[in-house]
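**Q** Quick one: sequence and predicted model below, then my questions.
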Amino acid sequence: MAPTQHLWWQHAVIYQIYPRSFQDSNGDGVGDLPGITQRLDYLHDVLGVDAVWLSPFYPSPMADFGYDVSDYCAVDPIFGTLDDFDVLVAALHERGIKILIDYIPNHTSDHHPWFQESRSSRDNPKRDWYYWRDGKAEGGPPNNWLSVFGGSAWQWDEHTGQYYLHSFLAEQPDLNWRHPEVVDAMLDVMRFWLDRGVDGFRIDVAHYLMKDPQFRDNPPAPPDAVTPYKSLADYDSQLHVYDLGNPDTHEVFRKIRRVLDSYSAERPRTSVAEIHVFDWSNWASYFGVNLDEIHMPFNFGLVGVEWDAIRIREVVDAVEGALPSGAWPSYVLGNHDEPRLATRFGAAYAPLAAMLILTLRGTPTTYYGDEIGMHDVPIPPERARDPWGKRVVGLGRDPERTPMQWDSGPNAGFCPPDVEPWLPIADDYRQINVAAEEDDPRSLLTLSRRLLALRRVTPALRGGSYAAVERVPSQCFVYTRRTEDDMCVVALNVSDIDQLVTLEGMTGTVCLSTYLDREGPEDLQRLILRPHEGCIVQIESAPPTP
Ligand code: GLC
């Protein structure tokens, strides 16, 4: 049986906030830190989340909306001040909510003073803080590595006559983590924020940190290769064996972990890391052989999954099977880089998706607005902001980053009526918003709150073991969650027609349906699930486990 005593991050529900889009407090059409502070009652009293993760709020030229940092230890004026940050942390902690912040170690902005120095001359002391290389003798960049955002990963710098490496935009030069001063400086950044009270970090593109020291060319990808990143066609034409994930990545992760551990006596700190790896044993290696690396490598298996019961189960079973002993799983369905789940799976399936992610074993991270059913918003070309989308039509991430829909008033309560929000607001925000859904007993927000509340008081859902139930219809994904004294079955119908599920030898009570209209004892030998219905059943008796 799985233990029920866990550290806070193992039973937490993490809520991702994209600060630009949550709440504008100063009338410039862009969300900010005081805006988030204003909305904490929603997070605590209405929704009941345990932790928030804030996407970047650091000073930045915003070439990649904050993932291009020009000062790691400050707040961009558009988001507020360090004092605003301190107020936010205190207000979260008063409510018992933990805070994780984005840590972006792979690259800085090209405006960062470190890079400005580095590019100033070949003999500048910070030259080797970044990767500078000569081109090939016959001309052209040093090797065939590609940028995730398109084109070569090498940018020619006229001033010093060399190329520098950028795995993402040219405005995001990669830091050289083999330089001891870079390691020291970047670990100090963590200490700066830990000293200010943060409870952990979400680590951006963590497995990109270490690259092949010989800078060998990547081999071409075979036609059936699994692509690691939603990206440009040319990026996926290679196998990324040399430009990321070099074995010494593990040593860096151990250093990061030691910093977190050094703060954990007072209260445990944690890390989640963005690692787009779908070979589950490779992915699992980032927990560390002695569980001394990343607390929770993000598991993106369900982000790209085909919306089909068998495929979903395959991902969950593969992840569960790959976890090293003692490692803790995590699940993600959406974030600021992916189409919203109401768009991906369809509005009818959004409740089922919510039940799935909030009842699997492991820590779920949910994306702001998904709890009310926000969908992707079509962005007219003249209002496109995301550099990726500006380069390649269709790859833009603006549609999933639009302002939070708070109420049916002008600008959905995100910013004042006379201000243009930084991205357009969904046309149907008068129906899909917090205020409207809060009072509606059948809304997605009501379901989300009830799922969170149930998870909090149900030991089996918080920390129990997971096992898939066999002999169910192929369009249903059914699993048990159990501790020694508590057992639930979660039965999900991933189809548009009724399904009959038989839970052999079990008796129990339905405590929540995604339709929000069904509670009480049921004949579990004939549990009928309506189209795209999910049910959580509290089990009273079950055959002994073999
Ligand atoms: C991560 C972020 C994404 C950003 C990229 C480069 O994938 O989630 O938004 O563009 O890193 O920093």
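**A** Perfect, I can see it now. Residues are numbered from 1 along each chain as shown.

**Q** Which one of the residues in the protein is closest to the ligand?
**A** residue 67 (3.4 Å; CB to the nearest ligand atom). For the C-beta atoms, the positions are set from N, CA and C on the backbone; glycine is no exception.

**Q** Provide the secondary structure category for that residue.
**A** For residue 67, the assignment made with DSSP: H, G, I helix; E, B strand; the rest coil gives coil.

**Q** And residue 220, how far from residue 207?
**A** In this structure, residue 220 and residue 207 are separated by 21 Å, where distance is defined by CB to CB, to the nearest Å.

**Q** Which of the two has more residues huddled nearby?
**A** With neighbours defined as other CB atoms under 10 Å, residue 220 and residue 207 compare such that residue 207 has more, 25 against 11.

**Q** tell me the contacts of the more buried one?
**A** 244-245, 249, 273, 275-277, 286 (CB atoms under 8 Å, 6 or more residues apart in numbering).

**Q** residues touching the spatially closest residue to residue 69 that is not a sequence neighbour, list them.
**A** Excluding its sequence neighbours, the residue lying closest to residue 69 (CB to CB, 6 or more residues apart in numbering) is residue 58, at 4.6 Å. With contacts defined as CB under 8 Å, 6+ apart, the neighbours of residue 58 are 66, 69-72, 74-76, 104.

**Q** Let's see that with 7 Å instead.
**A** Applying CB atoms under 7 Å, 6 or more residues apart in numbering, we find residue 58 in contact with 66, 69, 71-72, 74-76.

**Q** Now the buried members of these.
**A** With burial judged by 16 or more other CB atoms under 10 Å, the buried subset of these is 66, 69, 71-72, 75-76.

**Q** Output the longest helix belonging to this protein.
**A** helix 180-195 (DSSP state H).

**Q** For it, name the packing helices and strands.
**A** helix 249-262 (3 or more CB pairs under 7 Å, 6 or more residues apart in numbering; DSSP states H and E).

**Q** Let's see that with 8 Å instead.
**A** Secondary-structure packing of helix 180-195 (3 or more CB pairs under 8 Å, 6 or more residues apart in numbering; DSSP states H and E): strand 98-103, helix 249-262.

**Q** any idea of the angle it forms with helix 249-262?
**A** Taking axes from the mean of the first three to the mean of the last three CA atoms, to 10 degrees, one finds helix 180-195 and helix 249-262 inclined to each other by 30 degrees.

**Q** tell me the mean pLDDT for helix 180-195?
**A** Helix 180-195 shows a mean pLDDT of 98.

**Q** Could you list the buried residues of it?
**A** 182-183, 186-187, 189-190, 193-194.

**Q** ok, now stretch 240-249?
**A** By neighbour count on 16+ other CB under 10 Å, the buried set for stretch 240-249 is 240, 242-246, 249.

**Q** what does stretch 471-490 give?
**A** Those buried within stretch 471-490 under the rule 16+ other CB under 10 Å are 472-473, 475-483, 486-490.

**Q** and the contacts of residue 207, which of them are in strands?
**A** When DSSP state E defines the strands, the subset of the contacts of residue 207 inside them is residue 273.

**Q** What residues are bridge-paired with residue 155?
**A** Residues found in beta-bridge contact with residue 155 (criterion: DSSP bridges) are residue 164.

**Q** which residues touch it?
**A** Applying CB under 8 Å, 6+ apart as the definition, the contact partners of residue 155 turn out to be 163-164, 166, 170, 173.

**Q** What backbone torsions are found at the residue positioned nearest the centre of the chain?
**A** The centre of the chain sits closest to residue 335, judged by CA atoms, centre = their mean, with a distance of 5.1 Å. Residue 335 adopts backbone torsions of phi -160, psi -170, taken as degrees, to the nearest 10.

**Q** If we ignore the residues flanking it in sequence, what's nearest it?
**A** Skipping the residues right next to it in sequence, residue 335 comes nearest to residue 367 by CB to CB, 6+ apart, at 5.2 Å.

**Q** And for residue 60?
**A** Spatial nearest neighbour of residue 60, excluding adjacent residues (CB to CB, 6+ apart): residue 66 at 4.8 Å.

**Q** From residue 177, how far out is the one you found?
**A** Between residue 66 and residue 177 the distance is 21 Å, computed by CB to CB.

**Q** Near the ligand, which residues of the stretch 301-450 of the chain are found?
**A** If contacts are counted using CB under 6 Å from any ligand atom, the residues of the stretch 301-450 of the chain sitting beside the ligand are 336-337.

**Q** meant to ask about the stretch 151-300 of the chain
**A** For the stretch 151-300 of the chain, the residues in contact with the ligand (CB under 6 Å from any ligand atom) are 168, 204-205, 274.

**Q** Serialize these to CSV and add fields for secondary structure and neighbour count.
**A** Shown next, in CSV, are these (DSSP: H, G, I helix; E, B strand; the rest coil; neighbours: other CB atoms under 10 Å):
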residue, secondary structure, neighbour count
168, coil, 23
204, coil, 19
205, coil, 22
274, coil, 20
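
**Q** Please name the bridge partners of the closest residue to residue 234 other than its chain neighbours.
**A** Setting aside the residues directly before and after it, residue 234 is nearest to residue 146 in space (CB to CB, 6+ apart), at 5.8 Å. Partner residues in beta bridges with residue 146: residue 152, with DSSP bridges as the criterion.

**Q** and the residue nearest to residue 335, backbone torsions?
**A** Taking degrees, to the nearest 10, you get phi -100, psi 130 for the backbone angles of residue 367.

**Q** looking at it, it is touching residue 340, isn't it?
**A** Yes - under the contact definition of CB atoms under 8 Å, residue 367 touches residue 340, with a separation of 7.5 Å.

**Q** any shared contact partners between the two?
**A** The overlap between the contact sets of residue 367 and residue 340 (CB under 8 Å, 6+ apart) consists of 334, 400.

**Q** and residue 281, what does it touch?
**A** Residues counted as contacts of residue 281 (CB under 8 Å, 6+ apart) are residue 322.

**Q** Regarding it, what is its secondary structure?
**A** helix.

**Q** gap between it and residue 113?
**A** Applying CB to CB, one obtains 41 Å for the distance of residue 281 from residue 113.

**Q** so when I look at residue 63, I'm seeing a strand, right?
**A** No - secondary structure assignment (three-state DSSP) places residue 63 in coil, not in a strand.

**Q** Would you mind listing the residues in contact with the closest residue to residue 336 other than its chain neighbours?
**A** Beyond its immediate neighbours in the sequence, the residue positioned closest to residue 336 (CB to CB, 6+ apart) is residue 18, lying 5.0 Å away. By CB under 8 Å, 6+ apart, the contact list for residue 18 reads 31, 55, 336, 368, 401.

**Q** pLDDT wise, what is the last one at?
**A** So that's residue 401. Residue-level pLDDT assigned to residue 401 equals 98.

**Q** wouldn't it be in contact with residue 22 here?
**A** No - judged on CB under 8 Å, residue 401 makes no contact with residue 22 at a distance of 10.7 Å.

**Q** before we move on, back to that, in a markdown table, list the contacts of residue 18 along with secondary structure.
**A** Conversion of these to a markdown table gives the following (three-state DSSP):
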| residue | secondary structure |
| --- | --- |
| 31 | coil |
| 55 | coil |
| 336 | coil |
| 368 | coil |
| 401 | coil |
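
**Q** can you tell me which two in these are farthest apart?
**A** Between all members of the contacts of residue 18, the longest pairwise span (CB to CB) is found for 31 and 336 and amounts to 12.5 Å.

**Q** which of these two has more neighbours?
**A** For residue 31 against residue 336, the residue with the higher neighbour count under other CB under 10 Å is residue 31, and the figures read 29 against 18.

**Q** so residue 467 sits in a helix?
**A** No - the assignment for residue 467 by three-state DSSP gives strand, which leaves it out of any helix.

**Q** ok, now which ones touch it?
**A** Taking CB under 8 Å, 6+ apart as the criterion, residue 467 is in contact with 479-480, 482.

**Q** how near is it to residue 490?
**A** From residue 467 across to residue 490, the span is 11 Å (CB to CB).

**Q** rewinding a little: if you tally nearby residues, what's the number for the residue nearest to residue 335?
**A** Applying other CB under 10 Å, we find 24 residues neighbouring residue 367.

**Q** Cheers, nothing more for now.
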